[in-house]
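**Student:** model this:
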Amino acid sequence: MQTRRDFLKVSAGGLLLAGGIRGADSAVAADSLGPAALPSGALQSAQLAALPGKLPLIKKSFRPPNFETPVRFFNEAFTPNNAFFVRYHLADIPQVSQQRWKLAVSGDALDKPFEITYEELSRDFEQVEVAAVCMCSGNRRGLSQPHVPGVQWGHGAIGNARWRGVRLRDLLAKAGVKKDALEIVFDGTDRGVLDKTPDFVKSIPAWKAMDENTLVALEMNGEKLPHWNGFPVRIVVPGWTATYWMKHLTSITATAQPYQGFWMNPAYRIPKGKFPLVDRFVSQETEVNTPITEMVVNSLVTNLEDGQKFAFGQEITVAGVAWDGGFGIATVEVSEDGGRTWRAAQLATDLGRFSWRQWSHRFVPGRAGSHMLMARAANRAGATQTFELIFNPAGYHNNVVQRINIEIT
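**Tutor:** Down below sits the predicted model:
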């Protein structure tokens, strides 16, 4: 098991800076450390650094480890495991032995509590796979105006992967879930360095736990989960932000009462009525706020950067990804003239309603000078991206239409 001292060695002494190990790699050297709109100091303090088993990512903090994926990796349908973003609230993250790991399934809303090993979980239950976006609730927080506290994420606290494991509802069925089950509570092995730090414990509504797509996942993109993404087992809640995707899972508890804990309330709340939520978490709502649940419709340009230059007459490809909370992407439109006119982008293969959808658009600028490119997505429920930020104190749900300025010379 990794001790706190071991973790400090990895985080401080063992943290590999990109320039030190891949200084000759032009692709790494060219990685943007984030959009210029990040608050003062966020870009200046950012650097490419590699955790063990990871490629150089954009370090936001190393204790706890928070590392953002450079946008260039999102030109792939599925984000490579070694480039997938890392997000933790607590700094003590033990290495977990697959052979010794056990999962406790218990609670007052179960008839037959039990424990299960990794081997039993992978052998005794049907294994299913779902393609789904995993996105930190605070993705793009650093672009909030005015700026808000928290990790100042740019565009890279997100990734798309194929998750494989056991349906959570199959485990609950084995345990005999009762009719009065209200919430399903998750805990993992990570913990705070100080005893007074609240343990990271989350719950979801029983109805969401019984959804066929909610998984207890053992694999990611055809491989065992990486340590920094939840090995040996994590929860996958497709369509919902990653605060509920518990890593290093050790317990599942079914309860007939709302779970009371810091990371449910006051953390991870949004003002009630500000966003068009479909998946309400009613047992955790108050008069003024509600838990964040499903992702809002959004898109990202992945192959161009602000200020990029092109020769007059050159054909330009604008490409990216679009995603939402599970309705599926219906359209992506691109503007070549700052929003005056819009053209439909070409959508790539639909990989499933929880996956992001790749898209592209080609054009040849008709004049030299500055051009503002914009992309906006709409989902099958009719929701679209916004042009103005819906401000909230935690910086969640930033789906403002992206603007990229290019120069034609």
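
**Student:** now the helices: where do they sit in the protein?
**Tutor:** 4-8, 18-22, 26-29, 42-45, 118-123, 168-174, 206-209 (DSSP state H).

**Student:** domain-wise, how is the chain divided?
**Tutor:** 4-83, 102-291, 298-408 (automatic domain parsing).

**Student:** TSV please, covering those domains and showing distance to residue 95 and mean pLDDT.
**Tutor:** Placement of C-beta: from N, CA and C, glycine included. As requested, the domains of the chain are exported to TSV (distance: least, C-beta to C-beta, whole Å; pLDDT from 0 to 100):
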stretch	distance to residue 95	mean pLDDT
domain 4-83	8	75
domain 102-291	7	97
domain 298-408	30	97
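
**Student:** out of those, flag the one nearest residue 93.
**Tutor:** When the domains of the chain are compared by C-beta to C-beta, domain 102-291 sits nearest residue 93, at 4.7 Å.

**Student:** quick one: end-to-end length of that closest one, please.
**Tutor:** The first and final residues of domain 102-291 sit 29 Å from each other (C-alpha to C-alpha, to the nearest Å).

**Student:** swap in stretch 180-197?
**Tutor:** Stretch 180-197 has an end-to-end distance of 31 Å (criterion: C-alpha to C-alpha).

**Student:** ditto for stretch 354-372
**Tutor:** 30 Å.

**Student:** check stretch 302-310 too.
**Tutor:** First-to-last residue span, stretch 302-310, C-alpha to C-alpha: 17 Å.

**Student:** would you reformat the domains of the chain as TSV and include mean neighbour count?
**Tutor:** Shown next, in TSV, are these (neighbours: other C-beta atoms under 10 Å):
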stretch	mean neighbour count
domain 4-83	17
domain 102-291	19
domain 298-408	18
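
**Student:** residue 89: which of the ones you listed is closest?
**Tutor:** domain 102-291 (5.2 Å).

**Student:** which strand residues bridge the spatially most central residue of the chain?
**Tutor:** Central residue of the chain (C-alpha atoms, centre = their mean): residue 135, 1.5 Å from the mean position. Bridge pairing for residue 135 (DSSP bridges) gives the partners residue 158.

**Student:** now do the same contact list for it.
**Tutor:** 157, 158, 159, 241, 242, 295, 323 (C-beta atoms under 8 Å, 6 or more residues apart in numbering).

**Student:** just residue 250 next, same as before
**Tutor:** Counted by C-beta under 8 Å, 6+ apart, residue 250 has contacts 101, 102, 103, 104, 187, 188, 189.

**Student:** one more time with 7 Å, if that's ok
**Tutor:** Neighbouring residues of residue 250 by C-beta atoms under 7 Å, 6 or more residues apart in numbering: 103, 104, 187, 188, 189.

**Student:** also residue 151?
**Tutor:** With C-beta under 7 Å, 6+ apart, residue 151 has these contacts: 60, 61, 66, 138, 141.

**Student:** tell me the one of the residues you listed nearest residue 85?
**Tutor:** residue 66 (8.3 Å).

**Student:** which residues does that closest one form a beta bridge with?
**Tutor:** Here residue 66, judged by DSSP bridges, has bridge partners residue 61.

**Student:** residue 87 is in contact with that one, correct?
**Tutor:** Yes - contact criterion C-beta atoms under 7 Å: residue 66 and residue 87 qualify, at 5.8 Å.

**Student:** output the domains of the chain as a markdown table; include the columns distance to residue 91.
**Tutor:** Output for the domains of the chain, formatted as a markdown table (distance: least, C-beta to C-beta, whole Å):
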| stretch | distance to residue 91 |
| --- | --- |
| domain 4-83 | 4 |
| domain 102-291 | 5 |
| domain 298-408 | 21 |
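
**Student:** residue contacts, the closest residue in space to residue 304 that isn't next to it in sequence?
**Tutor:** The spatially closest residue to residue 304, leaving aside those adjacent along the chain, is residue 404, at 5.6 Å (C-beta to C-beta, 6 or more residues apart in numbering). The contact partners of residue 404, taken as C-beta under 7 Å, 6+ apart, are 301, 304, 306, 373.

**Student:** would you turn the residues you listed into JSON lines with distance to residue 317?
**Tutor:** Shown next, in JSON lines, are these (distance: C-beta to C-beta, whole Å):
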{"residue": "301", "distance to residue 317": "11"}
{"residue": "304", "distance to residue 317": "9"}
{"residue": "306", "distance to residue 317": "17"}
{"residue": "373", "distance to residue 317": "11"}
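
**Student:** return the subset of these lying in strands.
**Tutor:** Judged by DSSP state E, strands contain the following of these: 301, 373.

**Student:** okay but residue 406 is in contact with residue 372, surely?
**Tutor:** No - with contact defined as C-beta under 7 Å, residue 406 does not reach residue 372; the gap is 8.2 Å.

**Student:** do you have the strands of the stretch 201-350 of the chain handy? List them.
**Tutor:** Along the stretch 201-350 of the chain, counting by DSSP state E, counting those that start in this stretch, strands occupy 201-205, 215-220, 223-224, 234-236, 249-255, 269-271, 289-291, 298-301, 309-310, 316-323, 329-335, 343-344, 346-347.

**Student:** strand partners (parallel or antiparallel) of the first one?
**Tutor:** Sheet pairing for strand 201-205, assigned by DSSP bridges, gives strand 183-188 (antiparallel).

**Student:** what sits up against the strand it pairs with?
**Tutor:** Contacts for strand 183-188 (C-beta under 7 Å, 6+ apart): 199-206, 209, 235, 246-255, 258-259, 283.

**Student:** repeat that with 8 Å
**Tutor:** By C-beta under 8 Å, 6+ apart, the list of residues contacting strand 183-188 reads 107, 168, 172, 199-206, 209, 230, 234-235, 244, 246-255, 257-259, 283-284.
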